[in-house]
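Engineer: Need coordinates for the following:
(chains A, B, C and D)
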2 protein chains.
Amino acid sequence: MPTERTSAGDPARTLQLLWRHSTPDRRRGPRRGLSVDAVVEAATAIADAEGLDSVTMRRVAQELGVVPMTLYTYVPGKAELLDLMLDAAYARMSRTDTTGQVWHRRVMAVAEENKALFERHPWAATVSTARPPLGPGLMAKYEHELSALDGLGLSDVEMDDCLTYLLTFVQACARTAADARAARHDSAMNDQQWWEVNAPLLARVLDENAYPRAVRVGAAAGAAHGSAYDPDHAYTFGLQRVLDAFTALIDEGRSADADAPARKRDAGADAS
Amino acid sequence: MPTERTSAGDPARTLQLLWRHSTPDRRRGPRRGLSVDAVVEAATAIADAEGLDSVTMRRVAQELGVVPMTLYTYVPGKAELLDLMLDAAYARMSRTDTTGQVWHRRVMAVAEENKALFERHPWAATVSTARPPLGPGLMAKYEHELSALDGLGLSDVEMDDCLTYLLTFVQACARTAADARAARHDSAMNDQQWWEVNAPLLARVLDENAYPRAVRVGAAAGAAHGSAYDPDHAYTFGLQRVLDAFTALIDEGRSADADAPARKRDAGADAS
DNA sequence: TGCATCTCTGTACGACGTACACAATACAAC
DNA sequence: GTTGTATTGTGTACGTCGTACAGAGATGCA
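Structural biologist: This is a model prediction of the structure:
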């Protein structure tokens, strides 16, 4: 089961669908019983509730009361359907107006919005967007998110780099959280139960003296959060690191601009 | 095609296999024609060359000159085989001795080792390790990597947090790179060709005035690296951010220990 | 020499995306 | 009206997957 990927279908047809440029409105033949939006909505509902695995053409069709092949009159195939689902999810994201706030508040808002996206649509975190769906949803999202990084003295390329770094982080967290949820569901065990099953078995085969640091730190981490891995903690900890990293990068640029002999570190945001 | 996941099989059998505690050596019945290692090796070779999609029980069996069902006498199922593949890959990783070097060199070495892992085995980057394969390979890897973060004044939990943050970053980069490779392969188009196909189509539907920043920054980023997304650049840029972030965290701890009125920023590593 | 136990094989099932042929429908041209 | 044609919706079918199950043959122990 490899990773799903956006933009795996025919580019021309995909773009036409994404921007809804395919409605001559009066056509021959029977009236259409459904619509592209209805198909996308049904598929999204299934994905939200049961994961992307459950989104099969058969299942979406069943949900809409038609036979599987009917969907192919609305959508060229499953690949294009996924693009439509994701761009629609982007389009629906809330975009808080943070003009006038300090930059680290703006960046945190972007992170939160993406976190919310992946909480509402966990499947979205598992999709590879190496070639993103170039629809109105993505464009609006990108435009909005860039505004959070504007006016900080970063170059255009640096703005894109930073945004990529931030979004990669949030998506990686969400992906791990989604994977953990899927594992919990499939195994009918939560993480704690899973560890309770594995710990005694592991203890039998593992020589503690061979891995002193691993055993000590692993135990400490396991005790700190209830389990081996706590997605919420990883997000909170990591977001703070991202902000620290941006602070350093922005300050670097400022001190270079001012060509001061010593670096200044009064970046307007005491990201503590 | 959802994401593959480790530890999806039976925990007891998986651990026995991982630690190779299942060899009574003299058994009845015909001599075994293969071995667990042979199966794992064949599967890994296929995954390295053609991706995890191509690793099917039928294909692995064919490579070994047996019928598919034969594999099930060596391995309980495909889930357990994946655990064995990944732990073996961990076990084979090079672990450079960086004792005596400054911490940011040690951390960079860990990042490079993981980057190398994902270059040799791109499929490994696509596997979810929310529940990791608790084998000797992972233990050795974890033990080694923790040593890079030792002696920096971080708590055990912070060491684990930092390592998770670093590894999440490297894996996310590698995953994107692997996805891009897979897209290139499946579409028989490289990224540049893909953009050349999409750009004119997009220009027809997109109102440039509606997304001024997106168009400007997107163009700048696309021009800077040859394509829309450059995995190498994302890694280089991101690793520097990770180091900056760790610098800030370590300094924070030091200034708190020293309870100095002002923060000191002489962390021993000028991570420029 | 039996016999329990193990290896390896062949067949089969239900899932998937979707190609293809075809029936039913509604508008356009006459 | 009537006919032609484009379009929608349906049923069947193919090749893919992991693996359950039954059985055939080989081997070591009693």
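Engineer: just the helices in chain A please.
Structural biologist: Ranges of helices in chain A, per DSSP state H, are A:11-18, A:36-50, A:57-64, A:78-92, A:103-120, A:136-147, A:156-187, A:191-205, A:212-224, A:231-257.
Engineer: Of the ones you listed, which stretch is the most buried?
Structural biologist: Per residue and on average, the most neighbours among the helices of chain A fall to helix A:78-92, with a mean of 22 (mean count of other Cβ atoms under 10 Å in any protein chain shown). (Glycine included, C-beta is placed from N, CA and C.)
Engineer: what sits against the residue nearest to A:R213 when sequence neighbours are not counted?
Structural biologist: Counting by Cβ to Cβ, 6 or more residues apart in numbering or on different chains, A:R213 lies nearest to B:L146, which is 4.5 Å off, once chain neighbours are set aside. By Cβ atoms under 8 Å, 6 or more residues apart in numbering or on different chains, the contact list for B:L146 reads A:213-214, A:217, B:159-160, B:163.
Engineer: Which pLDDT value goes with the closest residue to A:P68 other than its chain neighbours?
Structural biologist: Once flanking residues are discounted, A:P68 sits nearest to A:A61: 4.3 Å by Cβ to Cβ, 6+ apart. pLDDT recorded at A:A61 is 98.
Engineer: returning to what we had before: between the helices of chain A, which one is closest to DNA strand D.
Structural biologist: helix A:57-64 (7.4 Å; Cβ to the nearest atom of the strand).
Engineer: Could you name the helices and strands sitting against the closest one?
Structural biologist: Contacts defined by 3 or more Cβ pairs under 8 Å, 6 or more residues apart in numbering or on different chains; DSSP states H and E place helix A:57-64 against helix A:36-50.
Engineer: In terms of secondary structure, what does the helix it packs on contact?
Structural biologist: Packing partners of helix A:36-50 (3+ Cβ pairs under 8 Å, 6+ apart): helix A:57-64, helix A:78-92.
Engineer: anything in the shortest one near DNA strand C?
Structural biologist: Yes: where contact is defined by Cβ under 7 Å from any atom of the strand, part of helix A:57-64 touches DNA strand C, namely A:57-59.
Engineer: Check stretch A:71-91 too.
Structural biologist: Yes: Stretch A:71-91 lies within reach of DNA strand C by Cβ under 7 Å from any atom of the strand, at A:72, A:77-79.
Engineer: ok, A:R120 - contacts?
Structural biologist: A:48, A:89.
Engineer: about what we covered before: just so I know, which of the helices and strands packed on helix A:36-50 lies nearest B:L201?
Structural biologist: helix A:78-92 (13.5 Å; Cβ to Cβ).
Engineer: Centre of the chain to that closest one, how far?
Structural biologist: Counting by Cα atoms, centre = their mean, to the nearest Å, helix A:78-92 is centred 13 Å from the centre of its parent chain.
Engineer: orientation of that helix relative to helix A:136-147 in degrees?
Structural biologist: 40 degrees (axes from the mean of the first three to the mean of the last three Cα atoms, to 10 degrees).
Engineer: Show residues contacting helix A:78-92.
Structural biologist: Taking Cβ under 8 Å, 6+ apart as the rule, helix A:78-92 contacts A:4-10, A:13-14, A:17-18, A:36, A:39-41, A:43-44, A:47, A:57, A:60, A:71, A:75, A:117, A:120-121, A:124, A:127, A:129, A:133, A:135-138, A:140-141.
Engineer: what about 7 Å?
Structural biologist: The contact list for helix A:78-92, computed with Cβ atoms under 7 Å, 6 or more residues apart in numbering or on different chains, reads A:4, A:6-9, A:13-14, A:17-18, A:36, A:39-40, A:43-44, A:47, A:57, A:75, A:117, A:121, A:124, A:127, A:133, A:135-138, A:140-141.
Engineer: By mean pLDDT, point me to the weakest helix or strand of chain A.
Structural biologist: helix A:191-205 (a mean of 89; mean pLDDT, DSSP states H and E).
Engineer: distance of whatever residue of the stretch 101-250 of chain A ends up closest to DNA strand C from A:G222?
Structural biologist: Of all residues in the stretch 101-250 of chain A, A:W123 sits closest to DNA strand C, at 13.3 Å by Cβ to the nearest atom of the strand. Distance, A:W123 to A:G222, using Cβ to Cβ, to the nearest Å: 28 Å.
Engineer: Using PDB, write down the CA coordinates of stretch A:128-141.
Structural biologist: Extracted C-alpha coordinates of stretch A:128-141, given in PDB (Å, rounded to 0.1, in the frame of the first residue of the first chain):
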ATOM      1  CA  SER A 128       1.900  13.200  -1.100                       C
ATOM      2  CA  THR A 129       1.700  16.600  -2.700                       C
ATOM      3  CA  ALA A 130       5.000  16.600  -4.500                       C
ATOM      4  CA  ARG A 131       3.000  17.700  -7.500                       C
ATOM      5  CA  PRO A 132       0.200  19.700  -5.800                       C
ATOM      6  CA  PRO A 133      -3.300  20.000  -7.100                       C
ATOM      7  CA  LEU A 134      -3.200  23.400  -8.800                       C
ATOM      8  CA  GLY A 135      -6.700  24.400  -8.000                       C
ATOM      9  CA  PRO A 136      -8.300  27.500  -6.500                       C
ATOM     10  CA  GLY A 137      -8.100  26.000  -3.000                       C
ATOM     11  CA  LEU A 138      -4.400  25.600  -3.100                       C
ATOM     12  CA  MET A 139      -3.800  29.000  -4.600                       C
ATOM     13  CA  ALA A 140      -5.900  30.700  -1.900                       C
ATOM     14  CA  LYS A 141      -4.100  28.800   0.800                       C
END
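Engineer: Next, see if that stretch gets close to chain B.
Structural biologist: Yes: residues of stretch A:128-141 contacting chain B under Cβ under 7 Å from any Cβ of the partner chain: A:128, A:130-131, A:134, A:139.
Engineer: So for A:E143, what's the pLDDT?
Structural biologist: 98.
Engineer: what's the answer for the one 10 residues further on, then?
Structural biologist: A:G153 carries a pLDDT score of 95 in this model.
Engineer: ok so, going back, okay, the residues of helix A:57-64 next to DNA strand C in CSV with distance to B:A180 next?
Structural biologist: Formatted as CSV, the residues of helix A:57-64 next to DNA strand C follow (distance: Cβ to Cβ, whole Å):
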residue, distance to B:A180
A:M57, 27
A:R58, 31
A:R59, 30
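Engineer: what about A:T56, distance to DNA strand C?
Structural biologist: When distance is defined by Cβ to the nearest atom of the strand, to the nearest Å, A:T56 is 3 Å away from DNA strand C.
Engineer: any idea how far A:A210 is from that residue?
Structural biologist: A:T56 is 46 Å from A:A210, by Cβ to Cβ.
Engineer: Ok, A:L52 next?
Structural biologist: From A:L52 to A:A210 the distance is 40 Å (Cβ to Cβ).
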